[in-house]
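> predicted model and sequence follow; I will ask about them next.
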Protein chains: 6
Amino acid sequence: MNSAFESFFQEHMSVGAPFLGASDDYAQAKKVIFGAPMDWTVSFRPGSRFGPGSVRDVSEGLEEYSPYQDKELAAVPFFDAGNLLLPFGNVNRSLELIKECTALIVRDGKIPLMLGGEHLVSWPAIEAVLAVHPDLVLLHFDAHLDLRTDYFGQAFSHASVIRRLFDRDSKIRVYQFGIRSGERAEWAFARERTKLFPFEVFAPLKHVLPEIQGAPVYLTLDIDVVDPAFAPGTGTPEPGGITSTELLESILLLKEVNLVGADIVEVAPEYDLSRRTPFLAAKILRELLLF
Amino acid sequence: MNSAFESFFQEHMSVGAPFLGASDDYAQAKKVIFGAPMDWTVSFRPGSRFGPGSVRDVSEGLEEYSPYQDKELAAVPFFDAGNLLLPFGNVNRSLELIKECTALIVRDGKIPLMLGGEHLVSWPAIEAVLAVHPDLVLLHFDAHLDLRTDYFGQAFSHASVIRRLFDRDSKIRVYQFGIRSGERAEWAFARERTKLFPFEVFAPLKHVLPEIQGAPVYLTLDIDVVDPAFAPGTGTPEPGGITSTELLESILLLKEVNLVGADIVEVAPEYDLSRRTPFLAAKILRELLLF
Amino acid sequence: MNSAFESFFQEHMSVGAPFLGASDDYAQAKKVIFGAPMDWTVSFRPGSRFGPGSVRDVSEGLEEYSPYQDKELAAVPFFDAGNLLLPFGNVNRSLELIKECTALIVRDGKIPLMLGGEHLVSWPAIEAVLAVHPDLVLLHFDAHLDLRTDYFGQAFSHASVIRRLFDRDSKIRVYQFGIRSGERAEWAFARERTKLFPFEVFAPLKHVLPEIQGAPVYLTLDIDVVDPAFAPGTGTPEPGGITSTELLESILLLKEVNLVGADIVEVAPEYDLSRRTPFLAAKILRELLLF
Amino acid sequence: MNSAFESFFQEHMSVGAPFLGASDDYAQAKKVIFGAPMDWTVSFRPGSRFGPGSVRDVSEGLEEYSPYQDKELAAVPFFDAGNLLLPFGNVNRSLELIKECTALIVRDGKIPLMLGGEHLVSWPAIEAVLAVHPDLVLLHFDAHLDLRTDYFGQAFSHASVIRRLFDRDSKIRVYQFGIRSGERAEWAFARERTKLFPFEVFAPLKHVLPEIQGAPVYLTLDIDVVDPAFAPGTGTPEPGGITSTELLESILLLKEVNLVGADIVEVAPEYDLSRRTPFLAAKILRELLLF
Amino acid sequence: MNSAFESFFQEHMSVGAPFLGASDDYAQAKKVIFGAPMDWTVSFRPGSRFGPGSVRDVSEGLEEYSPYQDKELAAVPFFDAGNLLLPFGNVNRSLELIKECTALIVRDGKIPLMLGGEHLVSWPAIEAVLAVHPDLVLLHFDAHLDLRTDYFGQAFSHASVIRRLFDRDSKIRVYQFGIRSGERAEWAFARERTKLFPFEVFAPLKHVLPEIQGAPVYLTLDIDVVDPAFAPGTGTPEPGGITSTELLESILLLKEVNLVGADIVEVAPEYDLSRRTPFLAAKILRELLLF
Amino acid sequence: MNSAFESFFQEHMSVGAPFLGASDDYAQAKKVIFGAPMDWTVSFRPGSRFGPGSVRDVSEGLEEYSPYQDKELAAVPFFDAGNLLLPFGNVNRSLELIKECTALIVRDGKIPLMLGGEHLVSWPAIEAVLAVHPDLVLLHFDAHLDLRTDYFGQAFSHASVIRRLFDRDSKIRVYQFGIRSGERAEWAFARERTKLFPFEVFAPLKHVLPEIQGAPVYLTLDIDVVDPAFAPGTGTPEPGGITSTELLESILLLKEVNLVGADIVEVAPEYDLSRRTPFLAAKILRELLLF
């Protein structure tokens, strides 16, 4: 490591067993994984702080080869930077650190792949990517709209992460897929301001692919877009979601787009004895790495 | 409260945190939720006594607004009466109390929405509704036929709840959906005496809707009609069931009918770390409240 | 019991509560259930040693009557021989005992139905059946190819069980269904040497039925062919699998074939609070018994 | 088997894997184990129906040799009759069956060792022993007095099991040890009518041994006499109990007395991942068998 | 309710099922229970937000009568105000609300009994009590010193709660009992500034009782002072603690002192299947109520 | 790293997050931690393969400072080499790798501290130490004697680990503490050939300290020597053990001896939701590191 990321890395990251197949050469990496183990604004059930670790743990149960793409991780240079050391309970400082980490990776011409943590961690990461790609297209897979103006009086929470992006740039291009929950006001906002595709992901995503072709794309994936049958390890298990197969197939559609960043959030492994939730996240991450 | 229900309520109900959005005005309520936390005739695994509490607990993770119906609970006056205080192990007295509670709610012109408890609790509730609506149509969503003449010599058990209704009125109109388990004799009885639609719910329910139009309808929903992938928190996890999405869509079909009562039974939260089973029950209950 | 199996049974089996509806007459039985509770070569998470016991335990929650086949277990003479007493950690001796047990059952003209244990237990069982039916067709339902030449230097492990069969007979007819994971080299081997049908089971199985008509058929069913939503109690919960309904329907297709043996492996109940994984295995076993 | 117990056994018992070291010769047995898997009057948390099975399951983790007594089970002829098939939810019939089972064992001159189930199962067992030994001394180890006149209006429940014995014979000699919970009225009753030793077991038991020497003694052991740190698998985990070591040492004191029957109740294994609760019960049972 | 507390209560508290035996008359109450379900600065494992609810839930498994004090709750007028509605992730506002709530209760001449939540919730509560009782004696039962100047740069966290009190009043009288963990600097600080009694509670507490006689006393009880064998449901299970019996006996010593407030914190029920941790907290609370 | 250990390390170890306070300088280290995650000969319940990882995970919940020794880890140079990559199910090769790893550490003049894994892993480690210290004194803390000649016909299993040492050197000095289980033959062997101290650890250890003064000492600690109340996360939860406090105090006695190696085995974290078992192991390891 020879970039500014190096000193940040020394000071702010804790390193453990890396994701399956990760290289230890940051310089050569095209993509960089990092964890943002924050869950302090969560309202219902905490535990997503354990998400990044669990995704790496179960990755050893996966194969490096993907039959979906006929490719294997050995051929893909990526780096796993470990987890950010975030100050427990300090929302502002945590968001700053996530933003700085993402910005440094982007500055080095690499693609950040963040593992949450609660959904609020996506906000600073997307902000950092927006700074470089102001014409960003945001793909938002989620059960919830996350468009509240505030939550119990708090502007910054997992329930407002997408709304906060509109504070900065009211023209931001947001596509929402798989949504099945929100307040009346959020639905009204979404109908006006985002491209909203409730309940489904694959079909509408396929439909809109042509219009986002070429644009820089960021994917923010709340694992609860998947039905809790397939991803029980999450804070708010909203029934009526898509299958893990539909998610996999939707992710594979993104091979065609210009992906400049992505995150997978809200994996809370303690609620899933089988570990299929982190396993699904790890499999999605493998496919994203193989693009 | 100014009806006979009031004194019953004071003596026989234990009150805790109510269901999301409940009003505290019984008089104005159109619908009344109550819990029947009984599981003493259960043969395989007990625990449905914790069902009503768990459904209320997780309801705070839901939104009051339903995107399925574009309505919200704030606009619907309903009361949550808490749980019946049932004498542990005394089947007869428990059934009497459930019947009395249901009868009082019905007498006040309100719609009872009961949370079980094992399926046997549906029997006294339906009896109370039948007393007022002798032409009742019963919609029965379940994995099991529940048509045994007896179970280990017991006439009153969760395995005989539908059969007991025929003892009183051999002409009762019962529609059974999603069934995938029963003794040979039960299947024979069903083929003769009920309208039986095994394995599926949505398509056959849509098909029969015209013929039940106008009639008073009671829905008894055993959560195990749903596949245990989607509702693992139940006593007898019979594979091969419908998805939670199919259940939601089936419930929404009932907006059109004259629903005079309903129950959701056999939620046993201890077997479901993710809590998606009570979450599903709570979501179904929200939709029923919004009709 | 009057065959050589009898003395083997006295020495090497531990007997507990038998599977639902089992007869205690070995001589009259057409099918014989036994457990092979071995999990010592498992790489990711052990626990399939508890599989056979859990399948029998939950079988009492099933009905003896199958609405899928309109038949009941009472009409089918089968014997449950209990579990093999395997020497913990001794792979070779364990495989010998499994082979001997299977061979004795086959020699008596009966159909062996083995409950695993890890997938490696299938190898000796299939070898024993191949000794009598050299023209055997092997149907392999699994998430994984299990075609490694070795695993961490070990020739005999759950990851190589199908590959080992080719060591003996390079012409063995293997059909693989539902596969979604493997190393690049395994996929290459499969494309050349087996009939490979990734991701799906029902449609391709129906398609190939005519070509296996009449041949002796052995089914080796790794429960992880099913998506972990439906079968979370297994060592390696690979997302993107089939539903339990698709598995049931696929099994029912086999009524038509000449089934000479079968096994259900990799049920690890500790990871499944709801017990729907052993419940699914028990239901599949009931259907196989009813053929 | 050639006694009246035999036909009872055929009709009313379900047999599974027996307790470690059990003989299959009823006639020669001096002691007979049986399970009473009833939990239908339980108020707080059900699950003791799984107690007997779990105690047998874990017994294979014990050694047959006791270093406490320098004896081994091989030298002791005892029979394990399996579990009573009790009609779920039918309290009266269940109690009758337990009484009949116990009476038959006692009539054959053997010592009944019953595994519960909830504490109410002790009542019919003790009644059956009292019929033969009217001068019985009852040793009651428990966290709770179980002396309520009724519980939510029910005369027969786990909370009244000791009180019911006084209904029949107001002079019954009851010694209570380790008690730390009860209503004011129960404490008042105990202070007048029983020999009450709150909080402790070993010291007071040692103290009273001389006065019960020679008398026929029945031990009813509610596992919650032990602190929930040592026995977490029970319905009502009352803190402040004795250690498992104190229980073991207390049990060993009973080698000297004329034990004519015993039971171990309220083991509810689902609340104890480690299984140390059934393990403790199994160890106590081994020591009782070795007397 | 007629005090300023009433309007605070309406706006900031969520009400559920109250603690065993609670009266609904705030005016007559001598003691007031409330919950502070905050866990956002927790470093190791979150979940103490579920503490207050779990303590109330299990309280129905306790008796109202205490054999330790020969008194019952019916004779003690106390009010359960429910839980504070705290803004998730907002530390400052949460601490303000706790302080305000405590201050209002104290102003009405009542004794606050707070259920946490992480230990940081004690800081504002103690501050509010100190405002009225500047000569307060603080009794601190804990495994950890909680004397860090900061934690990962945060001044306000569970690890600094006692240290923060010294910021305000360097002469505050703090007695620490049962301590067995801390940084070197914390131990140095403690040896100089507090009365420190490591590893034990009962004996040293008994020893110091005379010197605190008459002074206003506040007890802050971190449940992890108890060994995790007895209280496994907590974030940081530090071995080597006291028994639950020693804690009970220590609490009973406080009957003699002038207790003006108390809290029980760090109960995290999700890590304790047996629920003995909230059960212990509930039992301690019962004894405190009975003083 | 510049020794032969280096190349072994590169080939055979998997590295993850190290133990609290570990240095990354092997050369300077006095003590070396490594994990032997093997559980393939386990008879009752597997899962100790997850022991080493869990001990490291929870170590971050400990402090680096020990109040028992008034020392901190920062002052102690030790290295954490990660876990051995063992071939699943291959007992012989696994034991060879453990022996080689231990031998290399010992050859470099460092003290090996091994984390198991099942108890069989101690055998090769002790063999490697014996090769250098033929006058070794072995301290064995355990619930079980582990002196079987064989187990189900296997000479090498967790049940024979101490017996195997006598095969090589019938004069080996073995002290056994805390034992409370074994076959009659094992007890007989122990009474003749080892110094046996059943049930207790601290008092007898203190007693024998003078006679082992100066000799090279190896400690093999099976965590089940502790009562399962304090260490539930283990395969065979034998009640009647010592407290975690007694274990801690016993360990501290060893400060005085010439410790040349140690291991902590049989931690199986899956059976302990609270994680107090790996926490205890980590605390013991911290104290051993601080000597």
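Looks like it came in fine.
> element containing the residue lying closest to A:Ile172 once chain neighbours are set aside?
Leaving aside its chain neighbours, A:Ile172 sits nearest to A:Leu165 (5.3 Å; criterion: C-beta to C-beta, 6 or more residues apart in numbering or on different chains). (Each C-beta comes from the backbone N, C-alpha and C, glycine too.) If you go by DSSP states H and E, A:Leu165 is part of helix A:161-168.
> could you say what helices and strands that helix packs with?
Using 3 or more C-beta pairs under 8 Å, 6 or more residues apart in numbering or on different chains; DSSP states H and E, the elements in contact with helix A:161-168 are helix A:122-132, strand A:137-141, strand A:173-179, helix A:184-193.
> one more time with 7 Å, if that's ok
Under the contact definition 3 or more C-beta pairs under 7 Å, 6 or more residues apart in numbering or on different chains; DSSP states H and E, helix A:161-168 sits against helix A:122-132.
> okay, the angle between the host helix or strand of A:Leu259 and strand A:137-141?
A:Leu259 belongs to strand A:258-265 when assigned by DSSP H and E. Compare the direction of strand A:258-265 with that of strand A:137-141 by axes from the mean of the first three to the mean of the last three C-alpha atoms, to 10 degrees and you get 30 degrees.
> and A:Ser7, that's in a helix?
Yes. Assigned with DSSP: H, G, I helix; E, B strand; the rest coil, A:Ser7 falls within a helix.
> the residue of the stretch 101-250 of chain A found nearest chain B and C:Glu246, how far apart?
Of all residues in the stretch 101-250 of chain A, the one sitting closest to chain B is A:Pro232 (3.4 Å; C-beta to the nearest C-beta). Relative to C:Glu246, A:Pro232 is positioned 21 Å away (criterion: C-beta to C-beta, to the nearest Å).
> show me which of the two is the more surrounded one.
Legend: neighbour count by other C-beta atoms under 10 Å in any protein chain shown for A:Pro232 and C:Glu246, higher for A:Pro232 (28 against 21).
> which residues of chain A lie near chain F?
A:16-17 (C-beta under 7 Å from any C-beta of the partner chain).
> tell me which parts of chain A are close to chain E?
Residues of chain A lying near chain E (C-beta under 7 Å from any C-beta): A:39-43, A:46-47, A:87-91, A:152-154, A:157.
> now do the helix or strand where A:Asp57 lies, average pLDDT.
Using DSSP H and E, A:Asp57 maps to helix A:51-59. Helix A:51-59 comes out with an average pLDDT of 97.
> ok, stretch A:94-107 next?
pLDDT averaged over stretch A:94-107 gives 97.
> which parts of it are buried?
Going by neighbour count (16 or more other C-beta atoms under 10 Å in any protein chain shown), the buried part of stretch A:94-107 is A:94-95, A:97-106.
> ok, and what's touching that stretch?
When contacts are defined by C-beta atoms under 7 Å, 6 or more residues apart in numbering or on different chains, stretch A:94-107 is touched by residues A:4-5, A:8, A:12, A:32, A:34, A:36, A:38, A:84, A:86-87, A:112, A:121, A:123-125, A:127-129, A:131-132.
> counting neighbours, which of these end up buried?
Buried members of those, counted by 16+ other C-beta under 10 Å: A:5, A:8, A:12, A:32, A:34, A:36, A:38, A:84, A:86-87, A:112, A:121, A:123-125, A:127-129.
> A:Val32 in helix, strand or coil?
strand.
> is it true that it touches A:Gly109?
No. Using C-beta atoms under 7 Å, A:Val32 makes no contact with A:Gly109, being 10.5 Å away.
> how near is A:Pro210 to A:Glu256?
Taking C-beta to C-beta, one finds A:Pro210 at 10 Å from A:Glu256.
> quick one: which of those two has more around it?
A:Glu256 (13 against 9).
> from C:Asp57, how far off is the residue nearest to the more buried one when sequence neighbours are not counted?
Sequence neighbours aside, A:Leu209 is the residue nearest to A:Glu256 in space, at 6.4 Å (criterion: C-beta to C-beta, 6+ apart). With distances taken as C-beta to C-beta, A:Leu209 is found 49 Å from C:Asp57.
> run through the helices of chain A in chain order.
Using DSSP state H, the helices found in chain A span residues A:4-12, A:51-59, A:91-107, A:122-132, A:161-168, A:184-193, A:202-212, A:244-253, A:276-290.
> which stretch in those helices has the least confidence?
Taking the mean pLDDT of these, helix A:4-12 comes last: a mean of 90.
> list buried residues within the residues of chain A next to chain E.
A:39-43, A:46-47, A:87-91, A:152, A:154, A:157.
> ok, those vs chain D, which is closest?
A:Gly47 (18.3 Å).
> which residues are in contact with the residue nearest to A:Ile172?
By C-beta under 7 Å, 6+ apart, the contact list for A:Leu165 reads A:123, A:126, A:172.
> residue contacts, the first one?
Read it as A:Trp123. With contact taken as C-beta under 7 Å, 6+ apart, A:Trp123 is in contact with A:95, A:161, A:164-165.
> just the ones of the buried ones among the residues of chain A next to chain E in strands?
Assigned to strands by DSSP state E, none of these qualify.
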